[in-house]
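# need coordinates for the below:
(chains A and B)
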There are 2 protein chains.
Amino acid sequence: MFETFENYIRSKIDLHQDELKHILSLAVIRKIRRRQLLLQEGEICRHKVFICKGLLKTYRRKEDGTEYIMKFAPENSWAIDPESYHNEIPTKYNIEAVEATDIMLWSKASFHELFVSIPAFKSFSEKLMFSSIDANQDRILMNISSTTEEKYQDFIATFPDVFRRVPLHMVASYLGVSRETLSRIRHTQLKHHKHNGIS
Amino acid sequence: MFETFENYIRSKIDLHQDELKHILSLAVIRKIRRRQLLLQEGEICRHKVFICKGLLKTYRRKEDGTEYIMKFAPENSWAIDPESYHNEIPTKYNIEAVEATDIMLWSKASFHELFVSIPAFKSFSEKLMFSSIDANQDRILMNISSTTEEKYQDFIATFPDVFRRVPLHMVASYLGVSRETLSRIRHTQLKHHKHNGIS
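Numbering: from 1, shown residues only, chains lettered A, B, ... in the order given. Purely as a prediction, here's the structure:
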């Protein structure tokens, strides 16, 4: 499990061996069953979570019980509710395993210790947050500027691997369209591809 | 102009008089004409901007030239592209004045100096960023979970003041619906209100 994280972090920043050891020594390892909740609405998000293997989804539940997927987090990505984590307030989100998932987690105190001793790790973590802000802005632009067909195509192009691993109703929940609409679009596109000899 | 900022910042954090003076001494004051661009796609966002009076819009332009409004920033709020500012990369955004606008701006170096000397100002600034991340997440949820009627009502409830000050086509651009659809919704709702004796 450490190996996945080591490869990931080494591809992002230059680290001395003892710095890497320090980061690993503060990590807690957990295995999550499929459908197990890692964070539940109302709790405070107290950890940064790195996914070594598997897939998590972050979702919000509206009053009528409908679930809306805000984010998929596959291996080599992070899961966190930044506002709950930083301001220590109850989260509005749920984080749940879509597949059996192996994770590494760090407490706020551990991350603070690492930020003080490894400035490059702090810079990287900040950069990651700004990328995530930017990804959210891109998603807002996609939401307000594109047709359902375009959103569906963009999802497949951006998350080809996630697309292959989740049922269509989860893609529909992420895009904010009905499963029926998405089935129709998929059917039309498949027909179009067949017609053009693309398989 | 300083008075607006002073009232704003005093309502957010406790500051000594000399700390406030320090913040003000590093601010640059500018007056922006209506339709003037403050930041243009391709430039690097080098300042944090506080709006004392007036209204700015942050928008993206798609390949076909259509403008999509990502944010309105009226008085007592901030305008910035966080990714461009922090990572010093070209912005994808344009920031333009919807009304004649008075602003105060601080360079990155000035903000850094203030963060070092006034920890409360740093905490406040970080808190502001997490609120902004949360607002973006809420907007994504609204986009994927609500009808156009609900989005329109939510906009009026969340930004009543901005709603009164901008033309309907800008609201349509923010919500990602056509002006015609929004006109029809407004017309239906006005008729409904009249029918129920609400004026």
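# I'd like to know how far A:Lys53 sits from A:Ser77.
A:Lys53 sits 12 Å away from A:Ser77, taking Cβ to Cβ, to the nearest Å as the criterion. C-beta: built from backbone N, CA, C; applies to glycine.
# please apply the same query to A:Ser117.
With the distance defined as Cβ to Cβ, A:Ser117 ends up 24 Å from A:Ser77.
# so which of those two has more stuff around it?
For A:Ser117 versus A:Ser77, the count of surrounding residues by other Cβ atoms under 10 Å in any protein chain shown is larger for A:Ser77: 16 against 13.
# SS state for the residue nearest to that one when sequence neighbours are not counted?
The shortest distance from A:Ser77 to any residue other than its chain neighbours is 5.7 Å, reached at A:Ile51 (Cβ to Cβ, 6 or more residues apart in numbering or on different chains). State at A:Ile51, reduced to three classes by DSSP: H, G, I helix; E, B strand; the rest coil: strand.
# go ahead and confirm A:Ile51 touches A:Ala73.
Yes: A contact is recorded between A:Ile51 and A:Ala73 when judged using Cβ atoms under 8 Å, the distance being 5.4 Å.
# what touches both of these two?
Contact criterion Cβ atoms under 8 Å, 6 or more residues apart in numbering or on different chains; residues shared by A:Ile51 and A:Ala73: A:Ala79.
# quick one: the strands in chain A?
A:28-32, A:37-39, A:47-53, A:55-61, A:67-74, A:77-79, A:94-97, A:101-107 (DSSP state E).
# how about the last one: buried residues?
In this case it means strand A:101-107. Applying a neighbour-count criterion of 16 or more other Cβ atoms under 10 Å in any protein chain shown, the buried positions in strand A:101-107 are A:Thr101, A:Asp102, A:Ile103, A:Met104, A:Leu105, A:Trp106.
# centre-most residue in chain A?
With distances taken as Cα atoms, centre = their mean, A:Ala73 lies nearest the centre of chain A, 2.5 Å away.
# I figured A:Asn94 hits A:Tyr59, correct?
Yes: A:Asn94 is within contact range of A:Tyr59, at 5.4 Å (criterion: Cβ under 8 Å).
# what comes up buried for stretch A:20-28?
Applying a neighbour-count criterion of 16+ other Cβ under 10 Å, the buried positions in stretch A:20-28 are A:Leu20, A:His22, A:Ile23, A:Leu26, A:Ala27.
# ok, the lowest-mean-pLDDT helix or strand in chain A near chain B or not?
The helix or strand with the lowest mean pLDDT-type score in chain A, counting by mean pLDDT, DSSP states H and E, is helix A:179-195 (a mean of 84). No: using Cβ under 8 Å from any Cβ of the partner chain, helix A:179-195 stays clear of chain B, with a minimum separation of 12.6 Å.
# so which elements touch that helix?
helix A:148-158, helix A:168-175 (3 or more Cβ pairs under 8 Å, 6 or more residues apart in numbering or on different chains; DSSP states H and E).
# quick revisit: OK, contacts around the residue nearest to A:Ser77?
A:Ile51 makes contacts with A:Ala73, A:Pro74, A:Glu75, A:Asn76, A:Ser77, A:Trp78, A:Ala79, A:Thr101, A:Asp102, A:Ile103, as judged by Cβ under 8 Å, 6+ apart.
# and which of the residues you listed is nearest to B:Leu38?
The shortest approach to B:Leu38 among the contacts of A:Ile51 belongs to A:Trp78, at 32.9 Å (Cβ to Cβ).
# so where's chain A shaky on pLDDT?
Scanning chain A for pLDDT under 70 picks out A:195-199.
# looking at chain A, which helix is longest?
Using DSSP state H, we find that the single longest helix of chain A is helix A:119-145.
# give me the domain ranges for chain A.
A:1-124, A:144-199 (automatic domain parsing).
# among these, which is nearest B:Ser123?
Between the domains of chain A, domain A:1-124 lies closest to B:Ser123; by Cβ to Cβ that is 9.9 Å.
# next one: that closest one to chain centre, how far?
Distance, stretch centre to chain centre, for domain A:1-124: 9 Å (Cα atoms, centre = their mean, to the nearest Å).
# C-alpha coordinates for stretch A:165-178, PDB please?
The C-alpha trace of stretch A:165-178 is given here as PDB (Å, rounded to 0.1, in the frame of the first residue of the first chain):
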ATOM      1  CA  ARG A 165     -16.100   1.000 -13.100                       C
ATOM      2  CA  VAL A 166     -19.400   2.600 -12.000                       C
ATOM      3  CA  PRO A 167     -23.000   1.800 -13.000                       C
ATOM      4  CA  LEU A 168     -24.700   4.300 -15.300                       C
ATOM      5  CA  HIS A 169     -27.000   5.600 -12.500                       C
ATOM      6  CA  MET A 170     -24.000   7.000 -10.700                       C
ATOM      7  CA  VAL A 171     -22.800   8.800 -13.800                       C
ATOM      8  CA  ALA A 172     -26.300  10.200 -14.100                       C
ATOM      9  CA  SER A 173     -26.200  11.300 -10.400                       C
ATOM     10  CA  TYR A 174     -22.800  13.000 -11.000                       C
ATOM     11  CA  LEU A 175     -24.100  14.800 -14.100                       C
ATOM     12  CA  GLY A 176     -27.500  15.700 -12.700                       C
ATOM     13  CA  VAL A 177     -29.500  14.000 -15.400                       C
ATOM     14  CA  SER A 178     -32.000  11.200 -15.200                       C
END
